[in-house]
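Novice: Okay, sequence plus prediction incoming.
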Amino acid sequence: DGGITQSPKYLFRKEGQNVTLSCEQNLNHDAMYWYRQDPGQGLRLIYYSQIVNDFQKGDIAEGYSVSREKKESFPLTVTSAQKNPTAFYLCASSMGGGNYYGYTFGSGTRLTVV
Amino acid sequence: QQQVKQSPQSLIVQKGGISIINCAYENTAFDYFPWYQQFPGKGPALLIAIRPDVSEKKEGRFTISFNKSAKQFSLHIMDSQPGDSATYFCAARSLTGGGNKLTFGTGTQLKVEL
């Protein structure tokens, strides 16, 4: 079945450590996105990529980095510069262009700083 | 900054009742308005969506009403069931600046009681 796979489901980070969250899709979607979800704040866009080898900052990109070397993969690195990384991270993908399609989301990664 | 304002933050409805969630936006460049349903520990899933040239869209028990002049749209869940208990997010899509970007509301936690 087509879909988006995020791993791991739970991740614990020590202070000062970088961690990478995986996102893989087999939907042949051109665009991929990373959102952060905090209670009461909805989903906030971290980074997005419309095509391979290209990505743009979203509203809260500070302390995060991404790469898009393959169409299927869009990993997110949470760096030590992100001072409050504890959150639920969601990866999504969509068809490119102006088509009226929504996003398909993965099941999320819950990151906790210990 | 593009914003989508969603209310109420939480909602309790009796089984069989009507659940109503409201959203408002400012940016007239938004051209697609999806609603997502999220269960605990899962990613959001597309529920229903509308384009601004349509005033109402119905899919089963779910209806979106759209008021373009007031820049408001709402989700109505008829005959609400305990299985509808979830968090609901409205969203709005903009193609401005390149990219198929969704801006999300802050979410409504719905509980349907027996």
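Specialist: Sure thing, it's come through.

Novice: okay, CA-based contacts and neighbour counts for the rest of this
Specialist: Will do.

Novice: Run through the residues that contact B:Gln81.
Specialist: B:Gln81 sits next to B:Lys15, B:Gly16, B:Val112, B:Glu113 when contact means CA atoms under 8 Å, 6 or more residues apart in numbering or on different chains.

Novice: For the second one, give its distance to B:Thr63.
Specialist: As defined by CA to CA, to the nearest Å, B:Gly16 lies at a distance of 15 Å from B:Thr63.

Novice: Could you check which of the two is surrounded by more residues?
Specialist: Here B:Gly16 and B:Thr63 are set side by side on neighbour count (other CA atoms under 10 Å in any protein chain shown), and the busier one is B:Thr63, at 19 against 15.

Novice: How about the more buried one: what's its closest non-neighbour residue?
Specialist: What sits nearest to B:Thr63 in space, not counting adjacent residues and going by CA to CA, 6 or more residues apart in numbering or on different chains, is B:His76, at 5.1 Å.

Novice: May I have the host helix or strand of the one you found exported as CSV, CA atoms only?
Specialist: For B:His76, the element it lies in under DSSP states H and E is strand B:72-77. Taking C-alpha atoms only, strand B:72-77 is exported to CSV below (Å, rounded to 0.1, in the frame of the first residue of the first chain):
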residue,chain,number,x,y,z
GLN,B,72,-15.2,32.2,7.1
PHE,B,73,-15.8,28.5,6.7
SER,B,74,-17.2,25.9,9.0
LEU,B,75,-17.4,22.1,9.5
HIS,B,76,-20.7,20.6,10.5
ILE,B,77,-20.8,17.0,11.7
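
Novice: which stretches of the chain aren't confidently modelled?
Specialist: Looking at chain A here, since you left the chain open. Counting by pLDDT under 70, the ranges of chain A that qualify are A:1-2, A:97-100.

Novice: that's the other chain; I wanted chain B
Specialist: For chain B, the ranges with pLDDT under 70 are B:1-2, B:97-98.
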